[in-house]
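S.K.: Here is my input, please return the structure:
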Amino acid sequence: MTQEGPGAVRRLRCRGANHWLTAALLVLPLLLGIAVFDDYGLGWDESPQRVLGRQAWRYVFQGDPTYLQNYNLPYGVAFELVLTGAEKLAPPGDTRPAFLVRHLLTFAVFWAASLCLFALTRWLLRSTAAGVAAAAGLFLSPRLFADAFVNSKDLPFLSFFVVAAWTLALYLRRPTHPRAVLHGAACACATDIRVVGLLLPALTLLALLAAWPGGPLRRRLATLLSFAAATAAFTVLLWPYLWNDPWHRLVAAFTRMAHYPWGGEVLFLGQFIHSSQAPWYYLPVWIGVTTPLSLLLAGVLGLAVTVRTSLSDEDRSRRALAVVLLAWLFLPPAAILALHSVLYDGWRQTYFLAPALVVVAVAGLQACWHAARRPTASPWLRTAAAAGLVGVALDMGATAAWMVRAHPYQNVYFNRLAGPRDQLGQRFDLDYWGLSCRRLLESVLARDPRPSVPVYTPEKVCEWNARLLPRGERDRMQFVGSADGADYVVTIHRWSGDSPPPGKEIDSVRVDGVRLGAVYLLRPQPSWSAAPARGIE
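M.R.: Next up, the predicted model:
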């Protein structure tokens with residue numbers, strides 16, 4: 001064996017160990033999701049989305065036209081059809097296992113998207129560690145983590161947007177016909193979940209222009225035609241609504257979603273405002289107060305790094321992808337302002353911006369890492385960079401600890417910019433998904449042993465959450481139309497701020513002392529109930 005032999009063996013072993021460590025870190029979130037997926041309540045949109053998917057399934061396989069009268073028709077059903085098919089694996093006739101299957105599969109798709117983000121970031125930043133950090137950044141974004149189980153619209157759209165960004169990177173690196181078709185299929189899947197996926201073909205054209213000339217023109221144009229054909233074909237194929245009149249119905253869906261007719265009010269900075277009257281800073285404020293501070297601060301530095309990459313990287317493909325990242329971050333908010341689109345429930349309709357923010361933030365962290373290790377850098381720069389990295393690590397560690405403590409209510413995460421925690425209920429919508437309703441209903445049934453328990457709730461989502469209860473317990477829950485005929489009121493205080501309804505609060509769900517929802521006893525406590533009041537933390 002030569003003198004280089006032992007060193008080469010050690011390097012191979014080290015490389016193999018690194019591969020195993022990377023694989024373990026990437027698989028860990030999936031195992032965590034499998035362990036906790038049945039802890040979450042039912043989100044507000046889950047029941048209507050399930051109805052839409054089941055109607056679309058019957059339309060596709062049985063010709064039932066009921067689907068074409070659904071109010072949510074402009075929403076694509078590509079993922080809902082998958083969820084409906086997956087429900088066939090659950091025991092028939094019971095809603096609990098059906099919704100749990102939906103939760104698990106929605107999270108699994110989110111996890112798969114994290115692998116694509118890992119691959120995308122690793123190639124863009126030339127670092128496996130950067131790829132792992134980007135994947136971790138998704139799961140350490142508390143609101144994304146919770147929504148990854150219960151939000152079958154915005155989170156699957158985010159997931160397929162990431163998949164499409166990854167297939168775009170593959171296409172930019174080597175523009176072949178198979179890669180063009182694969183990218184077209186990914187763009188179509190995203191569009192057939194939310195029509196704003198039409199942004200992806202525009203980003204693809206922008207990327208090709210940024211990568212110009214980047215290869216023989218004729219070959220580029222030929223593969224671009226393959227991409228366009230695949231995008232159009234799969235978009236129509238996977239969205240039954242488009243089958244009879246693809247162009248006009250696609251335009252109608254885009255027009256309606258650009259000005260979605262939701263007429264409710266949102267609690268924003270202490271005031272209830274109509275969704276159509278939200279100020280221009282509604283989106284920046286929500287992003288600013290619900291994103292971990294370390295991601296925001298690293299993202300500021302990462303923007304400068306990404307701009308530099310978009311202008312000066314020697315690799316045209318990486319340069320083009322950096323341009324796409326910047327457009328991914330800034331074009332949708334600009335379009336929302338220009339079109340006066342309606343936003344509500346925080347910034348969930350624009351959660352697909354989050355992966356771009358994470359990649360940009362990781363680019364900033366990588367710049368800090370290189371500055372801290374550069375021998376030629378000034379001592380103050382190295383110290384500042386190292387301090388920044390330590391600060392980010394501490395902040396993300398604190399975020400992870402909060403996620404464990406708040407489980408399964410990561411959907412109400414706010415950072416320090418949101419203001420005093422004891423005033424959050426007066427400043428912002430909290431549990432707008434209604435995930436706490438499940439625990440509140442469980443507490444009523446644990447307290448009240450009667451075979452029929454009359455309950456009133458002003459929010460329909462609380463009633464829907466009974467579908468996650470075991471069948472025997474669910475049958476005991478009797479929902480009535482007004483408080484007059486009820487013994488209990490269960491509410492998440494939606495549209496009422498933190499104001500309590502009549503009655504005595506006997507149970508509540510709280511995170512860090514902030515009340516998400518509560519149970520109120522309307523009548524004198526019956527003799528059959530001896531259970532003491534308690535808060536669910």
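
S.K.: Residue 462 is in contact with residue 489, correct?
M.R.: No: using C-beta atoms under 8 Å as the test, residue 489 is too far from residue 462 to be in contact (9.6 Å). Every C-beta, even on glycine, is put in place using the N, C-alpha and C of the backbone.

S.K.: More neighbours: these two, which one.
M.R.: residue 462 (27 against 21; other C-beta atoms under 10 Å).

S.K.: And for that one, nearest residue in space, chain neighbours not counted?
M.R.: Leaving aside its chain neighbours, residue 462 sits nearest to residue 437 (4.0 Å; criterion: C-beta to C-beta, 6 or more residues apart in numbering).

S.K.: can you pull the contacts of that neighbour?
M.R.: 41, 42, 457, 459, 461, 462, 464, 465, 490, 492, 517 (C-beta atoms under 8 Å, 6 or more residues apart in numbering).

S.K.: Just to be sure, which of these are found in strands?
M.R.: Judged by DSSP state E, strands contain the following of those: 490, 517.

S.K.: what would the contacts of residue 437 look like in CSV with distance to residue 328 and pLDDT?
M.R.: CSV is the format used below for those (distance: C-beta to C-beta, whole Å; pLDDT from 0 to 100):
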residue, distance to residue 328, pLDDT
41, 31, 96
42, 31, 95
457, 39, 93
459, 34, 90
461, 32, 93
462, 37, 93
464, 34, 95
465, 35, 96
490, 40, 94
492, 33, 91
517, 35, 92
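
S.K.: where's the residue nearest to residue 462 relative to residue 146, distance?
M.R.: Using C-beta to C-beta, to the nearest Å, residue 437 is found at 14 Å from residue 146.

S.K.: again with residue 486
M.R.: 29 Å.

S.K.: One more: residue 23?
M.R.: Residue 23 is 26 Å from residue 146, by C-beta to C-beta.

S.K.: Equivalent analysis for residue 184, please.
M.R.: 32 Å.

S.K.: and what of residue 41?
M.R.: In terms of C-beta to C-beta, residue 41 sits 10 Å off from residue 146.

S.K.: Which one's more surrounded, residue 486 and residue 146?
M.R.: Shown here are residue 486 and residue 146; by other C-beta under 10 Å, residue 146 has more neighbours (25 against 22).

S.K.: Contacts only, for the spatially most central residue of the chain.
M.R.: What sits nearest the mean C-alpha location of the chain, by C-alpha atoms, centre = their mean, is residue 155, with 3.6 Å. Residues near residue 155 by C-beta under 8 Å, 6+ apart: 106, 109, 110, 144, 147, 148, 351.

S.K.: can you check residue 121 too?
M.R.: 130, 131, 133, 134, 135, 359, 362 are the contacts of residue 121 under C-beta under 8 Å, 6+ apart.

S.K.: Take these and keep only those in helices.
M.R.: Per DSSP state H, helices hold the following members of the contacts of residue 121: 130, 131, 133, 134, 135, 359, 362.

S.K.: Closest one of those to residue 242?
M.R.: residue 359 (31.8 Å; C-beta to C-beta).

S.K.: ok, that closest one to residue 366 distance?
M.R.: Taking C-beta to C-beta, one finds residue 359 at 10 Å from residue 366.

S.K.: How many residues are close by residue 61?
M.R.: 9.

S.K.: Mind telling me what element it is part of?
M.R.: helix 46-62 (DSSP states H and E).

S.K.: between the following helix or strand past that helix and helix 46-62, how big is the angle?
M.R.: Of the helices and strands lying after helix 46-62 in sequence (DSSP H and E), the nearest is helix 78-87. Computed with axes from the mean of the first three to the mean of the last three C-alpha atoms, to 10 degrees, the direction of helix 78-87 lies at 80 degrees from that of helix 46-62.

S.K.: domains of this protein?
M.R.: 4-403, 437-536 (automatic domain parsing).

S.K.: mind checking the SS state of the closest residue to residue 49 other than its chain neighbours?
M.R.: Nearest residue to residue 49, sequence neighbours excluded (C-beta to C-beta, 6+ apart): residue 152, at 5.1 Å. Three-state call for residue 152 (DSSP: H, G, I helix; E, B strand; the rest coil): coil.

S.K.: Around the closest residue to residue 18 other than its chain neighbours, count how many other residues there are.
M.R.: In space, and not counting its chain neighbours, residue 18 is closest to residue 128: 7.2 Å by C-beta to C-beta, 6+ apart. Applying other C-beta under 10 Å, we find 15 residues neighbouring residue 128.

S.K.: How about residue 93?
M.R.: Residue 93, neighbours per other C-beta under 10 Å, totals 8.

S.K.: pretty sure it is in a strand, no?
M.R.: No: membership of residue 93 in a strand is not supported by three-state DSSP, which gives coil.

S.K.: shaky segments in the stretch 201-350 of the chain?
M.R.: By pLDDT under 70, the low-scoring segments of the stretch 201-350 of the chain are 214-216.

S.K.: quick one: the strands in it?
M.R.: Secondary structure of the stretch 201-350 of the chain, counting by DSSP state E, counting those that start in this stretch: strands at 265-268, 271-274.

S.K.: winner for burial among those?
M.R.: With neighbours taken as mean count of other C-beta atoms under 10 Å, the strands of the stretch 201-350 of the chain reach their highest mean count in strand 265-268, at a mean of 20.

S.K.: from the ones in helices among the contacts of residue 121, which would you call buried?
M.R.: Among the ones in helices among the contacts of residue 121, those buried by neighbour count (16 or more other C-beta atoms under 10 Å) are 130, 131, 133, 134, 135, 359, 362.

S.K.: Contacts only, for residue 253.
M.R.: Neighbours of residue 253 in contact, by C-beta under 8 Å, 6+ apart: 73, 74, 195, 241.

S.K.: Next, give phi and psi for the first one.
M.R.: Going back to what we said before, that points to residue 73. phi -50, psi -40 (degrees, to the nearest 10).

S.K.: So the closest residue to residue 518 other than its chain neighbours: helix, strand or coil?
M.R.: Excluding its sequence neighbours, the residue lying closest to residue 518 (C-beta to C-beta, 6+ apart) is residue 508, at 4.1 Å. Using three-state DSSP, the structure places residue 508 in strand.

S.K.: separation between residue 508 and residue 308?
M.R.: 50 Å.

S.K.: cool, and residue 288?
M.R.: With C-beta to C-beta as the criterion, residue 288 and residue 308 are 24 Å apart.

S.K.: Just the CA trace of stretch 467-485, in PDB.
M.R.: C-alpha atoms of stretch 467-485 as PDB (Å, rounded to 0.1, in the frame of the first residue of the first chain):
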ATOM      1  CA  ARG A 467     -65.000  14.100  13.200                       C
ATOM      2  CA  LEU A 468     -61.600  13.300  14.700                       C
ATOM      3  CA  LEU A 469     -63.000  11.900  17.900                       C
ATOM      4  CA  PRO A 470     -63.500   8.100  18.300                       C
ATOM      5  CA  ARG A 471     -66.900   7.100  17.000                       C
ATOM      6  CA  GLY A 472     -68.400   6.300  20.300                       C
ATOM      7  CA  GLU A 473     -67.400   9.600  21.800                       C
ATOM      8  CA  ARG A 474     -68.400  11.500  18.600                       C
ATOM      9  CA  ASP A 475     -71.900  10.100  18.900                       C
ATOM     10  CA  ARG A 476     -72.300  11.600  22.400                       C
ATOM     11  CA  MET A 477     -71.700  15.100  21.100                       C
ATOM     12  CA  GLN A 478     -75.000  16.900  20.300                       C
ATOM     13  CA  PHE A 479     -74.400  20.200  18.500                       C
ATOM     14  CA  VAL A 480     -77.300  22.700  18.800                       C
ATOM     15  CA  GLY A 481     -78.000  25.800  16.900                       C
ATOM     16  CA  SER A 482     -77.900  28.300  19.700                       C
ATOM     17  CA  ALA A 483     -76.700  28.800  23.200                       C
ATOM     18  CA  ASP A 484     -80.200  28.600  24.500                       C
ATOM     19  CA  GLY A 485     -80.400  24.800  24.100                       C
END
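
S.K.: If anything else comes up later, I'll come back, but that's it for now.
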